[in-house]
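Q: Predicted model follows, preceded by the sequence.
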Amino acid sequence: MSTQTDAEATAPQLAAVCRLPAELIGRFAALSGDEKTVRVMMGTCRRWREAAEAALRPHLASKTVVVEPPMMKSRFTSIRALDDKAAKTRLSQLDQTSQRFERHLKAYPPSSEHLRKLTIEVNDQTVDITWRQLDRLMNQLEELNVHVFDGSWSDMDVCDHDDIDTENPGDGGDLWDCEKSLGGGYWPCNYGTSVPNALRKLSLSATSRVFQHLQSLSEYISELRELSLGTHWSDDDVHATWTGPGTYIPSMPHLTRFTLVGGWQTIRDAVAILPRFPALRELIIYFPGYTFPGQRAKYKTTWPAVIARSLSYYYTATNLALYGPLAAYILTSVQEIQQTPKFQQALCSVTMLSLEAEVAQGMTHCYPLLDTTWLHKNPSLPALQHITFVLPSAKHQNRLAVGPDDTPSGEVEAPSHISQRRLRALFKRYDTLRQIQWVVGYPDDPFSARVPDVQLQPGVALSVDRPEIGADGKEEPLVFLRAEGV
């Protein structure tokens, strides 16, 4: 009696599988939608490897090399400082993550050839491999998202920083004299000799000194279409000149969208580089109005006014997003500035406006522009067609409750409710306004809204269009479209 091993029993079936048409194998691999599955198929035999390899390329186009969880949950989230132990742990984890990515690149060389989008964490401390990886891949990238772990984020003293006490009062105080933290010899532009400028989208999320990091990439940013700068912990910067970043950040003639996240000094300094963006059409600003986590909250009434004045210099933007609890005060400051001849045309081209439905203490209503006691302080926006109110998180969904249309005169309306009376007043204030929408969570694209026909777009929780005028000359009732489950 003969016995047959499992390998002998499966050999005919395996041979049959390997003889499947290459086109069919390729389709199976493409339909899997999973990189791991495609790699398993490629390991079956040489024929399968050749047939399935094309399905792997879309998975190679984008890679993420960061420590989990990421330093910040989103672009609009500040972070807390790390203690010495946590910082050293993160550096160790980043080293392991980078080494794993390096092994991935070496095991399959096309992994680097097809890479076009990279999200990577770097630091100015002890891990140098991520800088080398970024240098090697930089010329081919079309989209780059960098999380910069700056040494000032923690109490660590592992790279022999020299503390300099600068005498200039506008430089943000003491600063670290460290080549790495200022990009010298570490950012890719210090190595490359021929830069094809393939980069179209750049996001820099730094714990501090974001302008210095941007300057270090100056050879790569001339063709940018989108730029995002975020300082998520320390609201100060080290500038190449005492006059600020406006003198050393290069021009970006094709940039159409600029996202800015940070505290007072970061936003103030960013104003200086707006003239570098002559084609700018979309501006997104997140200004918390307070110090960063772990520090005592503070607020200065002059901040919104200075930001408003800065915005008023630029007439090219058609889409504007203001996030943070001070959006209402910024808009009020714009209205005040518009009273002067020099700034009468401020924001005159804005057609889409996205505002956070969160206001600072002292406001009587949770929505900017909707407080009827402030209507006369709303800025002139002669081209405005669409407003999006952004609820920061799902816990604010109670603010989607719509109040009655016939609130008795003198009755106090609930601040958490959407008042139909206030909405009608807002439509009356802006006669070009066609639609108001509400979304939960900061949208990836705050300007993607389009006037719907009979249904809401994905991500929109509530929507109302300008009321029609009936045959009797009176306004028709407001019609609300509400997403299922909201």
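A: That came through, no problem.
Q: switch to C-alpha atoms for all contacts and neighbour counts from now on
A: Fine.
Q: tell me which strands and helices whatever helix or strand residue 92 lives in is in contact with?
A: Residue 92 belongs to helix 84-107 when assigned by DSSP states H and E. Contacts defined by 3 or more CA pairs under 8 Å, 6 or more residues apart in numbering; DSSP states H and E place helix 84-107 against strand 62-65, helix 110-113, helix 129-137.
Q: now these as JSON lines including distance to residue 335 and mean pLDDT?
A: Below are the helices and strands packed on helix 84-107 laid out as JSON lines (distance: least, CA to CA, whole Å; pLDDT from 0 to 100):
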{"stretch": "strand 62-65", "distance to residue 335": "43", "mean pLDDT": "90"}
{"stretch": "helix 110-113", "distance to residue 335": "51", "mean pLDDT": "82"}
{"stretch": "helix 129-137", "distance to residue 335": "45", "mean pLDDT": "84"}
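Q: Quick one: closest of these to residue 122.
A: With CA to CA as the measure, helix 129-137 is the member of the helices and strands packed on helix 84-107 nearest residue 122 (6.0 Å).
Q: quick check: angle from the closest one to helix 84-107?
A: Per axes from the mean of the first three to the mean of the last three CA atoms, to 10 degrees, the angle that helix 129-137 makes with helix 84-107 is 40 degrees.
Q: Show me what helix 129-137 packs onto, helices and strands only.
A: Helix 129-137 sits against helix 84-107, strand 117-123, with contacts defined as 3+ CA pairs under 8 Å, 6+ apart.
Q: let's see it at 10 Å
A: With contacts taken as 3 or more CA pairs under 10 Å, 6 or more residues apart in numbering; DSSP states H and E, helix 129-137 sits against helix 84-107, helix 110-113, strand 117-123.
Q: Let me know the average pLDDT across the longest one.
A: Looking at helix 84-107 alone, the average pLDDT works out to 86.
Q: For it, which residues meet the burial criterion?
A: 87-88, 90-91, 94-95, 97-98, 101 (16 or more other CA atoms under 10 Å).
Q: Farthest pair within the residues you listed?
A: By the measure CA to CA, 87 and 101 form the most distant pair in the buried residues of helix 84-107, at 21.0 Å.
Q: which residues in the stretch 251-400 of the chain form helices?
A: 264-270, 302-311, 327-337 (DSSP state H, counting those that start in this stretch).
Q: for those, which one ends up most surrounded?
A: Mean neighbours per residue, mean count of other CA atoms under 10 Å, is largest over the helices of the stretch 251-400 of the chain for helix 327-337, with a mean of 24.
Q: re earlier: among the helices of the stretch 251-400 of the chain, where is the model least confident on average?
A: Looking at those, the bottom one is helix 302-311 with a mean of 74.
Q: Now do it against helix 327-337: the angle between them, please.
A: Using the same axes, to 10 degrees, the inter-axis angle of helix 302-311 relative to helix 327-337 is 60 degrees.
Q: Show me what helix 302-311 is packed against.
A: By 3+ CA pairs under 10 Å, 6+ apart, helix 302-311 packs against helix 264-270, helix 327-337.
Q: Using PDB, list the CA coordinates for that helix.
A: Backbone C-alpha positions of helix 302-311 (Å, rounded to 0.1, in the frame of the first residue of the first chain) are rendered in PDB as follows:
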ATOM      1  CA  THR A 302      -6.100  92.700  19.100                       C
ATOM      2  CA  TRP A 303      -5.500  89.300  17.500                       C
ATOM      3  CA  PRO A 304      -8.600  89.100  15.300                       C
ATOM      4  CA  ALA A 305      -8.200  92.700  14.100                       C
ATOM      5  CA  VAL A 306      -4.600  92.100  12.900                       C
ATOM      6  CA  ILE A 307      -5.600  88.900  11.200                       C
ATOM      7  CA  ALA A 308      -8.600  90.700   9.600                       C
ATOM      8  CA  ARG A 309      -6.300  93.500   8.300                       C
ATOM      9  CA  SER A 310      -4.000  90.900   6.900                       C
ATOM     10  CA  LEU A 311      -6.800  89.200   5.000                       C
END
